[in-house]
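**Student:** curious how this folds, go ahead:
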Amino acid sequence: MANHKSALKRARQNELRRLRNRARKTRLKNATKTVRTTVGEESAARLREAQSIIDKAAKTSALHRKTAARKISRLARLVNKQNAS
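**Tutor:** Model prediction:
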C-alpha cells in the first residue's frame, strides 16, 4: 500500500475511476446486447440509444474512440441488414 499522502490520494482516485468505468462498460454491453436481440423497427431506436451510450463511454475514456466507432459501425450494419430483409 502507498505511504505518501499524494500516493494515497492517487489510489483513492484510481479506485473511483475503476468503478465508474466498470459501470459504463457494463451499461455499454447491455445496450449492445439489447440491439442485437431486438428485431424490426424497434432495433433502430435501440441502436440510437446504444450509440449515445457508446459515445459517452468514449468521451470519458472508458473506451477508446476508435473502438467506439467500430462498435457503432458494426451495430449499424447489423440493424441495416435486419431491416433490409
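**Student:** every contact and neighbour count from this point should use C-alpha atoms.
**Tutor:** Fine.
**Student:** helices of this structure, start to end?
**Tutor:** Counting by DSSP state H, one finds helices in the chain at the ranges 5-37, 42-59, 65-84.
**Student:** same list (the ones you listed) but as CSV, adding mean neighbour count and mean pLDDT.
**Tutor:** Formatted as CSV, these follow (neighbours: other CA atoms under 10 Å; pLDDT from 0 to 100):
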stretch, mean neighbour count, mean pLDDT
helix 5-37, 14, 96
helix 42-59, 18, 96
helix 65-84, 14, 95
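**Student:** so what's Ala2 up against?
**Tutor:** 8, 11 (CA atoms under 8 Å, 6 or more residues apart in numbering).
**Student:** how about Ala58?
**Tutor:** Per CA under 8 Å, 6+ apart, neighbours of Ala58: 64-65, 68.
**Student:** what would the residues you listed look like in TSV with distance to Ala76?
**Tutor:** Listed next are the contacts of Ala58 as TSV, based on distance: CA to CA, whole Å:
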residue	distance to Ala76
His64	18
Arg65	16
Ala68	12
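**Student:** just give the nearest non-adjacent residue to Leu47, would you?
**Tutor:** Residue nearest to Leu47 in three dimensions, not counting chain neighbours: Val35, with 5.8 Å by CA to CA, 6 or more residues apart in numbering.
**Student:** roughly how far apart are the one you found and Ser73?
**Tutor:** For Val35, the distance to Ser73 equals 13 Å [CA to CA, to the nearest Å].
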